[in-house]
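[1] build me a structure from this.
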Amino acid sequence: MQNPVTSLLQSFVDRKMAAGVSCLVTVDGQETTFDCCGYADMDRQTPFRRDALLHIYSMSKLVTSAAIMTLVDSGRLALTDPVARFIPEFAGLQVCEDHNGTVSLVPARRLLTIFDLLTMTSGIPYPDAGGTPIYDAVAACYAKLNETAAAHDRTGEPMDALAYIRELAKCPLCFHPGERWMYGLSSDVLGAVVVAATGKSLGTYFDETLFRPLGMQDTGFRMPAEKAGRIATIYTDGPNGIMPRPRHQGFEMVDHPSVEAGGAGLISTVDDYTRFAQMLMNGGVREGIRILSEESVRQMTMNQLTAEQAETYSLLHNAGYGYGLTLRVMMDPSKSAYREEVGAFGWNGATGTTVRIDPARRLTVVFGIQLMPPNHVEFLPALSQAVHSLL
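    Numbers count the residues shown, from 1 in each chain. A predicted model of the protein is given here:
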């Protein structure tokens, strides 16, 4: 009888839902199933192999949070620290308020903190979060920011992540810090905090504190030339089925060659990211190497939202979940489409990737795919059911 995960992956490709897919499942640190099928590049007929390099987008956020928590563990910052301690431009933030359709700017009621960023309660949106007068006002400011970045590119002196975020601090917030939850560029600001606090590039700090100790040799913001052929093509829906995503449909900050975006910039493999997931599942340790304290992992993987903030935690298919430090946390499985135990955690990426970590079952799942928009609801509930049928 064929493994149900294998059958499901093949069905995704056969039904032309994706060019290629893979999935790596471990229980108690041991691989229980791996399979891949389809193509990393359909035009070149490149198979979607185990070592395919994947743009993981928002799964980068967990890595950035872990980096922040290493700084907490070493005493170099605290969750209650104002962001302005590291990036002074955040000292005078303004907030958009909507008064019957008229948007006005008022001073923020308090300083923005590291904790606000980690819990996505900062008021910093994504640039495309339009549809209301407040969002539109903030988006207009972001458009000017991207014009500034383009002007720097033309001079041959492109902005790095810290410079970009310093400019971002000139844009108003959508609400006062801590007032509600909203998905946005908070993790990108956290990446800049790491740079400011350590004096190192984000990629260098990740490599020294996370990637090298965990043996993640194929993870980073950019890949050397000898690995470029392993980067899987990102596909999108086209008039005649899936097609390669046009370059202009990328994300301004993430795809910028000089910016190491803490919220979405990493490339990785299913094996590398599984090593990171196992470290979190084990309370900060993998193969005897401690990366994070147990307390830091506990803080990351517990619900951190107040009841009021949770009312605005509105991402699709988050029923039953709370929100920790940039990751979902299962609180009530009876409300969820996923067969996860209380305390299971993880996050998804904008190309359809997912990491699911279930400490009660000693389970990690990393799903590889490169499809944008991701259509998570078409893939992930079925994948979760297939995985759990093996347990």
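
[2] go through the chain and flag its longest strand.
    Assignment by DSSP state E gives strand 30-41 as the longest strand of the chain.

[3] just the helices in the stretch 201-350 of the chain please.
    In the stretch 201-350 of the chain, the helices defined using DSSP state H, counting those that start in this stretch lie at 202-206, 212-214, 270-281, 294-300, 307-310.

[4] run through who's touching the last one.
    In this case it means helix 307-310. Identification of contacts with helix 307-310 by CB atoms under 8 Å, 6 or more residues apart in numbering yields 119, 121, 178, 179, 180, 181, 303, 322, 323. Heads up, the C-betas are built off the backbone N, CA and C, glycines and all.

[5] give me the average confidence score over that helix.
    Averaged over helix 307-310, pLDDT sits at 95.

[6] repeat for the first one
    Confidence over helix 202-206, taken as the mean pLDDT, stands at 97.

[7] what helices and strands are in contact with the following helix or strand past the longest strand of the chain?
    Note on strand 30-41: by DSSP states H and E, the next helix or strand toward the C-terminus is strand 46-47. Packed against strand 46-47 by the contact rule (3 or more CB pairs under 8 Å, 6 or more residues apart in numbering; DSSP states H and E) you find strand 30-41.

[8] okay, the helices of the stretch 201-350 of the chain, which one's buried deepest?
    Highest mean neighbour count among the helices of the stretch 201-350 of the chain (mean count of other CB atoms under 10 Å): helix 270-281, with a mean of 24.

[9] where is the longest helix in this protein?
    Using DSSP state H, we find that the single longest helix of the chain is helix 133-155.

[10] and residue 300, how close does it get to residue 83?
    19 Å (CB to CB, to the nearest Å).

[11] return the residues in contact with the closest residue to residue 218 other than its chain neighbours.
    Excluding the flanking residues, the one nearest residue 218 by CB to CB, 6 or more residues apart in numbering is residue 269, at 4.7 Å. Residues near residue 269 by CB under 8 Å, 6+ apart: 50, 51, 52, 53, 54, 218, 219, 368.

[12] in PyMOL, how would I select just the buried ones from those?
    Buried residues among the contacts of residue 269 (16 or more other CB atoms under 10 Å), as a PyMOL selection:
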select buried, resi 52+53+54+218+219+368
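
[13] tell me which two of the contacts of residue 269 sit farthest apart.
    Longest distance between any two of the contacts of residue 269 is 14.6 Å, between 50 and 219; criterion CB to CB.

[14] and the spatially most central residue of the chain, which of the three is it?
    With distances taken as CA atoms, centre = their mean, the residue of the chain nearest its centroid is residue 58 (2.0 Å). Under DSSP: H, G, I helix; E, B strand; the rest coil, residue 58 falls in the helix class.

[15] list the contacts for it?
    187, 263, 264, 347, 348, 349, 350.

[16] now with 7 Å?
    Contacts here follow CB atoms under 7 Å, 6 or more residues apart in numbering; on that basis residue 58 touches 263, 264, 347, 348, 349, 350.

[17] what's around the second one, how many residues?
    Residue 264 is flanked by 25 other residues according to other CB atoms under 10 Å.

[18] now it: how far from residue 60?
    Distance of residue 264 to residue 60, computed by CB to CB: 5 Å.

[19] which pLDDT value belongs to residue 222?
    What the model reports for residue 222 is a pLDDT of 92.

[20] now the residue nearest to the centre of the chain: how far from residue 17?
    Applying CB to CB, the value for residue 58 to residue 17 is 20 Å.

[21] cool, and residue 376?
    For residue 376, the distance to residue 17 equals 12 Å [CB to CB].

[22] more neighbours, the two?
    Neighbours were counted for residue 376 and for residue 17 using other CB under 10 Å; residue 376 has more, 21 against 18.

[23] ok, residue 68 - contacts?
    Going by CB under 7 Å, 6+ apart, residue 68 touches 114, 118, 190, 193, 194.

[24] looking at the contacts of helix 307-310, which is nearest residue 296?
    Using CB to CB, residue 119 comes nearest to residue 296 of the contacts of helix 307-310, at 14.7 Å.

[25] and the closest one, how many neighbours?
    That count, for residue 119 with other CB under 10 Å as the rule, works out to 23.

[26] correct me if wrong: it contacts residue 304.
    Yes - in this structure, residue 119 is within contact of residue 304 by CB atoms under 7 Å, at 4.9 Å.
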